[in-house]
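*Asks:* following is a predicted model, sequence given first.
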Amino acid sequence: DQELDAELTENETTIHEFILEGFPAIQHLGNIFFLMHLLAYLASVTGNMVIIIITWADHHLQTPMYILLSTFSFSECCLITTVIPKLLSIFLSGRQTISFTSCFTQAFSFLFLGSIIFFLMAVMSFDQYLAICKPLHYPAIMNLRVSFLLVFFCNALSFIFILGLVLKVSQLSFCGPNVISHFFCDLGSLIHLSCSDTGSVEMYVSSLLYFNIVVTIVRLPSARERQKAFSTCSSHLTVLSLMYGSCVFIYVKPKQTNRVDSNREAALVNTVVTPLLNPVIYTLRNKLVHQALRDALSRVRLQKQNFRR
């Protein structure tokens, strides 16, 4: 019996690496999609880095609203960096293998940073609501100290929730197929590969997702005040719709195998499309950011002229 138990235990731990399926239908166009995603990645990082640099370089933008926005941009840069480089390697060289440890590290990083972004969206919604609907109370409620504390709590809550979730999934048995039907280590796909009972884990995933959604919705303006705030908050609501719509589509039923291709396409919204649009959405109608950019460009031109002299 002991030998049989040892043999079963050994069989359950034979998987030491996974294979990321990527997008097999378009793999023959790998070079083209590599270039497209590389340009999108560079544009996303550049746009978000501009927001971060401008916020910390211009003292006019060192307010709670822009501190939260720069933290959001930094988290977006980190989020896409956990996923896009591996996707690029799949398109360019066809390297689809990833070790067990690297897979769960990527899953943790992606969900941790994604959860931070979700919490930040809730805080940013509340901040905009206060600024628009409670302008007299805003200075007494929101200041730099409060904004830094909120950022800290967003990180702490995300770490606690996601670490527990990833540890729970990593302790499942993986004794069957090792092909992940995705372009990164998504927990939903990993749960589907497990040969353990995953009912409690799926409930944990769904509960966490619903908790994030409820927190964000509660922080949005009330129906009576939404019309007053809509013109200013429309860009923020656009980002919310993109992010939460795609996440609900992917994670509400993680074991639904007939939606694998659609899940991969929906995941591209959060990993490619949204990070690319965010810098444009949040700065397109922002006069303070426009002025800060003009001032920065003026200083650069002035320094060049002084250098030539």
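*Replies:* Sure, I can see it.
*Asks:* where does the prediction get shaky in the stretch 201-309 of the chain?
*Replies:* Within the stretch 201-309 of the chain, the segments meeting pLDDT under 70 span 202-263, 265-266, 282-286, 288, 300, 303-309.
*Asks:* and the lengthiest helix in the chain, which residues are buried?
*Replies:* Longest helix in the chain by number of residues, with DSSP state H as the criterion: helix 100-133. For helix 100-133, the neighbour count (16 or more other Cβ atoms under 10 Å) marks 100, 103-104, 106-133 as buried. All C-beta atoms are positioned from the backbone trio N, CA, C, and that covers glycine.
*Asks:* what packs against the helix or strand that comes right after it?
*Replies:* Using DSSP states H and E, the helix or strand that follows helix 100-133 in sequence is helix 138-141. Contacts defined by 3 or more Cβ pairs under 8 Å, 6 or more residues apart in numbering; DSSP states H and E place helix 138-141 against helix 100-133.
*Asks:* pLDDT (mean, whole number) over the longest helix of the chain?
*Replies:* Mean pLDDT, helix 100-133: 86.
*Asks:* packing partners of it?
*Replies:* The contact analysis (3+ Cβ pairs under 8 Å, 6+ apart) places helix 100-133 against strand 17-20, helix 64-93, helix 138-141, helix 144-170, helix 187-193, helix 199-219, helix 223-251.
*Asks:* what is the burial count for the nearest residue to S115 once chain neighbours are set aside?
*Replies:* The shortest distance from S115 to any non-neighbouring residue, by Cβ to Cβ, 6 or more residues apart in numbering, is to S158 (3.8 Å). By the criterion of other Cβ atoms under 10 Å, S158 has 22 neighbours.
*Asks:* state the distance from S158 to D127.
*Replies:* Distance of S158 to D127, given as Cβ to Cβ, to the nearest Å: 18 Å.
*Asks:* cool, K86 as well?
*Replies:* For K86, the distance to D127 - Cβ to Cβ - is 34 Å.
*Asks:* pretty sure D127 contacts P64?
*Replies:* Yes - D127 is within contact range of P64, at 6.1 Å (criterion: Cβ atoms under 8 Å).
*Asks:* quick check: neighbours shared by the two?
*Replies:* The contact sets of D127 and P64 overlap at M142, S147 (Cβ atoms under 8 Å, 6 or more residues apart in numbering).
*Asks:* packing partners for the host helix or strand of L277?
*Replies:* L277 belongs to helix 274-283 when assigned by DSSP H and E. Using 3+ Cβ pairs under 8 Å, 6+ apart as the contact criterion, the elements in contact with helix 274-283 are helix 30-57, helix 64-93, helix 223-251, helix 287-308.
*Asks:* make it 6 Å
*Replies:* Secondary structure elements in contact with helix 274-283, counted by 3 or more Cβ pairs under 6 Å, 6 or more residues apart in numbering; DSSP states H and E, are helix 30-57, helix 223-251.
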